[in-house]
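Trainee: Would you be able to build a 3D model of this:
(4 chains)
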Number of protein chains: 2
Amino acid sequence: MVRDSARDSILDAAQAVVLERGAGHVTLEAVAERAGLSKGGVLYHFQNKDAMLSALVDRMVRMFQSVVAEKRKALGDDPERTLEAHVEAVFSMGDQTMNDAACAMLPALATNPVLLEPLRSFYRDHYGELSNSTVGPYQSAVVSLALDGLWLMEMLQISPLTEDDEAKIKLMLLRLASKPLPKSFTPN
Amino acid sequence: MVRDSARDSILDAAQAVVLERGAGHVTLEAVAERAGLSKGGVLYHFQNKDAMLSALVDRMVRMFQSVVAEKRKALGDDPERTLEAHVEAVFSMGDQTMNDAACAMLPALATNPVLLEPLRSFYRDHYGELSNSTVGPYQSAVVSLALDGLWLMEMLQISPLTEDDEAKIKLMLLRLASKPLPKSFTPN
DNA sequence: GAAACTGTACCGTCTGGTCGGTTCATATAC
DNA sequence: GTATATGAACCGACCAGACGGTACAGTTTC
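Mentor: Take a look at the predicted model:
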């Protein structure tokens, strides 16, 4: 994880602005002020606003990918266990980082959905890999969707789940990610 | 479902604008043009922009609640089967309506997260009810989170799932919503 | 003719983006 | 070792356009 300090501190500032004022109020001036420089300074580092928002999405996707890769490595780089790695990754991030992820995606979604392309491509790859899982594509999808649901809760800041709840849910998801369900639960 | 034709057609137009130009480009003028009247006309029906976005959220939450209520009734108004009703409701909506729901929430999220309060209150109630389910709170939560995940996919327009996939997933979720998992999957 | 509705003109503000500086550290020349 | 030059980082004034909102006049409906 290499940090270009100037660019990264601007992106950090942008996320902070999302958190404090909402995704629709991410202006160049607001970001500049939060980052401790002027609008001109921000535009020196990013060609335009879209480039900044795009970088925000990009950075977050890469970060998450690296966490997944790390967890996958810890599980022996077994393609059948990618889903487990995914579950581990999400829960290892914690609410804070999950919120950061939301703050990175929301401005892009608000101003120009095209900027979410890196995220879309990530999801395509991810769902593509799910067919390799021990538990089959549909059970995998359910687990994966539940993780996304957790993310949505964080994004809209409406999660009514306690940490204890989340720990229990993690356990259940880990088992659902590694052990096929009895036939009475599966389609066909 | 009572429709105040003028107000509702403006709200429809607003959702269309979200779909076509993105949540950040929902301006009074754009909505007016799409609805076939002028900005003044829109502002006659809604005190200001926030009121319009708020009405958008409100309408969607009420719509979804009524669908859930309908499905619950069809299942005999059994508190233990509320979760099943919820699953049925989500899948009965289809991609189109799910997308509409996203289009109703996104502008509020972008301009003023406070406007999402009706949605938050809905989720609080919903998760409160989950403890009554036959399948216990954690399994319920997993099912519910998966539904939210589906919604998120639609919201970010990144769902790589085919209709066939979704049908299979629905089946699995319905079973997970009505039959407790074997002990080997549950915490404790 | 009153109430409901719609259009038009306009104002003040905000925003993205441009552009011509300024600072300052480092490199090069002599 | 001093003078000159270079380039990266950044500032701040400014502009054109978009936006939310107001005021008010006109139209339609009953």
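
Trainee: only C-alpha atoms for contact and neighbour calcs from this point on.
Mentor: Will do.

Trainee: Alongside DNA strand C, which residues does chain A contribute?
Mentor: A:25-29, A:39-40, A:43, A:47-50 (C-alpha under 7 Å from any atom of the strand).

Trainee: Could you rank the residues you listed by neighbour count and give me the top one?
Mentor: A:Val26 (24 neighbours; other C-alpha atoms under 10 Å in any protein chain shown).

Trainee: Verify the stated contact: it with A:Ala16.
Mentor: No - A:Val26 is beyond contact range of A:Ala16, at 9.4 Å (criterion: C-alpha atoms under 8 Å).

Trainee: re the thing from before, keep the residues of chain A next to DNA strand C, but drop any that are not near DNA strand D.
Mentor: Answer for these near DNA strand D (C-alpha under 7 Å from any atom of the strand): A:39-40.

Trainee: quick one: which two of the residues of chain A next to DNA strand C are the most distant?
Mentor: The most widely separated members of those, counting by C-alpha to C-alpha, are A:His25 and A:Gln47 (19.4 Å).

Trainee: which parts of the one helix or strand A:Met98 maps to are buried?
Mentor: In this assignment (DSSP states H and E), A:Met98 forms part of helix A:82-111. Of the residues in helix A:82-111, A:82-91, A:95, A:97-111 count as buried by neighbour count, 16 or more other C-alpha atoms under 10 Å in any protein chain shown.

Trainee: And chain B, is that helix touching that?
Mentor: Yes - using C-alpha under 8 Å from any C-alpha of the partner chain, we find that helix A:82-111 touches chain B at A:106-107, A:109-111.

Trainee: pLDDT wise, what is A:Ser131 at?
Mentor: At A:Ser131, the predicted lDDT confidence score is 84.

Trainee: how far away is the nearest residue to it once chain neighbours are set aside from B:Ala102?
Mentor: Distances taken as C-alpha to C-alpha, 6 or more residues apart in numbering or on different chains place A:Pro137 nearest to A:Ser131, at 4.6 Å, with adjacent residues excluded. Distance of A:Pro137 to B:Ala102, given as C-alpha to C-alpha, to the nearest Å: 26 Å.

Trainee: A:Ala32 contacts A:Leu43, correct?
Mentor: No - at 9.2 Å, A:Ala32 does not count as touching A:Leu43 under the criterion of C-alpha under 8 Å.

Trainee: Now the common contact residues for these two.
Mentor: Residues touching both A:Ala32 and A:Leu43 by C-alpha atoms under 8 Å, 6 or more residues apart in numbering or on different chains: none at all.

Trainee: dump the residue contacts of A:Val26.
Mentor: A:Val26 neighbours (C-alpha under 8 Å, 6+ apart): A:14, A:17-18, A:107.

Trainee: Show the backbone phi and psi for it.
Mentor: phi -80, psi 90 (degrees, to the nearest 10).

Trainee: now, which of the residues of chain A next to DNA strand C sits nearest DNA strand D?
Mentor: Each of the residues of chain A next to DNA strand C was scored against DNA strand D by C-alpha to the nearest atom of the strand, and A:Gly40 proved nearest at 3.3 Å.

Trainee: Quick one: mean pLDDT over the helix or strand that closest one falls within.
Mentor: In the assignment (DSSP H and E), A:Gly40 maps to helix A:39-45. Taken as a whole, helix A:39-45 carries a mean pLDDT of 94.

Trainee: name the helices or strands packed onto it?
Mentor: helix A:5-21, helix A:28-35 (3 or more C-alpha pairs under 8 Å, 6 or more residues apart in numbering or on different chains; DSSP states H and E).

Trainee: Contact partners for the residue nearest the centre of chain A?
Mentor: For chain A, A:Ala101 is the residue whose C-alpha lies nearest the centre (C-alpha atoms, centre = their mean; 4.8 Å). Counting by C-alpha under 8 Å, 6+ apart, A:Ala101 makes contact with A:Met60.
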